[in-house]
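>>> below are the sequence and a predicted model; questions follow.
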Amino acid sequence: MYFSTDTATTPLAKIPEGDLKDKWSNFKTQARLVSPNNRKNYRILVIGTGLSGASAAASLAELGYQVTSFCFQDSPRRAHSVAAQGGVNAMKNYKNDGDSVFRMFYDTLKGGDFRSREANVYRLAECSASLIDQAVAQGVPFAREYSGYLSNRSFGGVQVSRTFYARGQTGQQLLLGAYQAMMRQVHLGKVTCYSRHEMLDLVTENGVAKGILVRNLDTGEISRHGAHAVVLATGGFGKIYYLSTLAMGCNGSAIWRAHKKGAWASCPSWTQIHPTCLPQSGNHQSKLTLMSESLRNDGRIWTPRVKNENRKPQDIPEEDRDYYLERRYPSFGNLAPRDIASRAAKERIDAGHGVGPLKNAVYLDFKDAIANQGKETIVKKYGNLFTMYEKITGINAYEQPMMISPAAHFSMGGLWVDYELSSSISGLYVIGEANFSDHGANRLGANSLLQACVDGYYILPQTLPHYLAQLSKSEKPDTNTAAFEESENQMRTQLRELCQINGSKTVDHFHRELGKILYDKCGLSRTEKGLTAAIEAIRSLRQEFYQDLKIPQNENGINEELEKAGRVADYLEIGELMCIDALSREESCGAHFREEYQTADGEAKRNDRDYAFISCWKSGDPSPVLIKEPLHFEFTKPTERSYK
Amino acid sequence: MNFKLKIWRQENPKTKGKLVDYEVKDISADTSFLEMLDQLNETLILRGENPVSFDSDCREGICGQCGLFINGRAHGPLDQTSTCQLHMRSFKDGETIYVEPFRSSAFPIKKDLRVDRQALDNIIASGGYISVSTGQAPEANQTRISSDEVESAFDAASCIGCGACVASCKNGSAALFTAAKISHLFQLPQGKIEHKKRTQNMVKAMDQLGFGACSNTGACEVECPQGISIRHIALMNKEYWK
């Protein structure tokens, strides 16, 4: 058995009483507060400077708390939120097309295949409108109509237009807003910001978070930081698949090291494989670039009707094209949610209808959109995406269709948090993509920017003080403790040992191998047999890693290979837990597609009787322990998730 | 494809660096420039040598962390393209390629091709924002902003903070970077109130951080991966002297 189950523990989600629409106000009304003149006495560490981290650091500092912020990039402005292209969802109903907080809540809950908490998702929708106000006030240049009012577009899995966008650079512009807000606090002396610093360990005493250990990536120096609370805003770990849409440095190390100190991990196997990415074209690639989902507003996805079609796409007549998403999902068509669109692409590719040199892609065609709307309109909407596509592939997508393929993109899973965004360790909060909370088993497009911002701007600044206010007044952060000493010794030994293996294979070799195992066996579709084989393969790869890894130089000073090795060492453990998680869930839901559990027409078949729970994994020896947080649907009725 | 590389190697900020020759073979034309360096590094590591240290993160042209001087141009031979978006098909088979860091007195070299660009963050900290705290914002559609105004502000806001402008400037000036932020916020109604103080503070910070003065050569505009125009510098100067 790869895991054990603890049925005696029931996680406390701390969902406030009351009607769905009153829960968040009820929390705020009853929450403990810290008075303005006392706030400066609290030190908060925020790890990560993406949308959730930067917005949290800025908002907490504005309230008067002392914040220390860390990022591994050379500037906080480079965190990977910057790369989000398409947009951010918000319930403004500016289009008068029937949107409401409840509808947005329901779309998100259904999009996640009823595997998230009603109360969390409702709060996300409820806070969404304020975010747009805040971003506009910061100077985020969202697209406008000629009238000067804000413009919207539509994203996958919904039938209203609630996506706000800033060209194809929405993430960049939102992040710059949050980064600038944080830099304002740096200037005011309220935030201390350390770039090129990576968290090595979470330090706890008696089950309470007391601080962290960080390594200066430029000097190799290790330092201790104590605090009243630690906030992880470290993003997703989709880079575990090696080829992914993520940045080179994205990693799961901070959350994994916190997990080893007692924080539960939830549903780590729920990875969003994004349908519109550039296909793999050989072995030289270091990443698969995402092409925004917004392209599916106007682009039509198809494959040739016959297998091994050799004609150029522009020479294939209409009757020989299979617009398979429009065929299978007539009401949502090309805007079917991501998990469904990705699986449908895989089905066509596996059936021999794939296109491109490696037959591993499908076409995304703008021929009709250009004919109907004119090239100028398409240039205005997606110009930078077309330019990017041409830069990478050398192909002009105004003249022939783009070739796209699914790639690992977003981690719905992450550290378990309660309604207050607190992990299972007291004083450790987890926000943004790093947590498991609002997206269930599949995230809807344009909801990740939203969740990161809402967590950082609106939720944490209410829930963290509620925790701080009950700490004893005499408590001061102290790094001269046995716990810090032990953690530092452990981390120094670990780094030294990695450098001393002196084997014959590079870190990237191990990372690529792990990626292949996971794509193949714990990616778009999973089986019991495949997952079991994957666990064994990962275990032997891990063993080989510690025997045959080669890292040049030592742990003092800049050593990129050592940085990567630390992350891959964690990935080799996370990967195993992902497979165990996928194995333990004997149903299909959202992005988690177990081949054994599907409907007659190949859709995910949920099992609400046995699996309507969030899997919470506790680190355990010899195997991880599964704790179940049951999901209660009081205000909705889980239905079959159909987009037909 | 095969290439000869001349790469700047420098152990740390204090030591003297030099160009070192390397060769890479059998590189696919679809390989990006940084992936070519990844391949070189794997070979070096397996040979027991130290890999070339360089910066990159998103590798899709938006985070601004990559930045190499390639054959004497910031981000290489293509216009409006960051280093990570440059592919080997842009070079001739057998070509000798010079690879150097973004050099400027305000960007000390950390190691090999890595430089310290923290000074750019410091310019932003000095005033590159609208001073609005979380919760203060009015309803977003209350202020109408014409599509043209927003698009024009966006042209400035699209700066990725890579520092190519500084590295390309013979004076090491950060005028384009600073002006882009000033212009982005100045062109929006919500950013106008603070613009005088913002401009004064950011220009002052730029001078204090060791960046040179702008002498309007326009090199920055040519090398900017986002194609940001020097007309923003004119706007900054006008506002500064007003």
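Sure thing, it's come through.
>>> near chain B, which residues of the stretch 201-350 of chain A?
A:218, A:247-249, A:281-282, A:284-287, A:289-290 (CB under 8 Å from any CB of the partner chain). (C-beta placed from N, C-alpha, C; glycine too.)
>>> what residue spans form the domains of chain B?
B:3-111, B:118-241 (automatic domain parsing).
>>> inside helices: which ones of the residues of the stretch 201-350 of chain A next to chain B?
Among those, no residue falls in helices (DSSP state H).
>>> out of the residues you listed, which end up buried?
Burial of these was assessed by neighbour count (16 or more other CB atoms under 10 Å in any protein chain shown); the buried members are A:218, A:247-249, A:281, A:284-287, A:289-290.
>>> of these, just say which sits nearest to A:Lys618.
Proximity of those to A:Lys618 (CB to CB) peaks at A:Gly249, which lies at 28.1 Å.
>>> nearest to chain A within chain B, name that residue for me.
Relative to chain A, the nearest point of chain B is B:Arg144 (3.1 Å; CB to the nearest CB).
>>> that residue against A:Ser147, yeah?
Yes: contact criterion CB atoms under 8 Å: B:Arg144 and A:Ser147 qualify, at 6.9 Å.
>>> measure the residue of chain B positioned farthest from its centre to A:Gln134 for me?
Outermost residue of chain B with respect to the C-alpha centroid, by CA atoms, centre = their mean, is B:Gln142; its distance is 35.1 Å. Look at B:Gln142 and A:Gln134: by CB to CB, to the nearest Å, they are 13 Å apart.
>>> again with A:Ser269
If you go by CB to CB, the gap between A:Ser269 and A:Gln134 works out to 34 Å.
>>> then B:Phe186?
Per CB to CB, B:Phe186 is found 20 Å from A:Gln134.
>>> coming back round to it: quick one: which two of the buried ones among the residues of the stretch 201-350 of chain A next to chain B are the most distant?
Farthest pair in those, by CB to CB: A:Asp218 and A:Ser281, 34.4 Å.
>>> helices of the stretch 101-250 of chain A, residue ranges please.
Ranges of helices in the stretch 101-250 of chain A, per DSSP state H, counting those that start in this stretch, are A:101-111, A:118-138, A:170-187.
>>> and the residue nearest to A:Glu347 when sequence neighbours are not counted, how many neighbours?
Closest residue to A:Glu347 apart from its sequence neighbours, by CB to CB, 6 or more residues apart in numbering or on different chains: A:Gly602 at 6.9 Å. When neighbours are defined as other CB atoms under 10 Å in any protein chain shown, A:Gly602 has 13 of them.
>>> which residues touch the closest residue to chain B within the stretch 101-250 of chain A?
In the stretch 101-250 of chain A, the residue that lies nearest chain B is A:Gly148 (3.1 Å; CB to the nearest CB). Residues counted as contacts of A:Gly148 (CB atoms under 8 Å, 6 or more residues apart in numbering or on different chains) are B:144-147.
>>> between those residues, which sits nearest A:Ala534?
Nearest to A:Ala534 among the contacts of A:Gly148, with distances taken as CB to CB, is B:Ser147, at 50.7 Å.
>>> buried among the contacts of A:Gly148? Need that as a selection in PyMOL.
In PyMOL, this line selects whichever of those come out buried by 16+ other CB under 10 Å:
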select buried, chain B and resi 145+147
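>>> much appreciated, bye for now.
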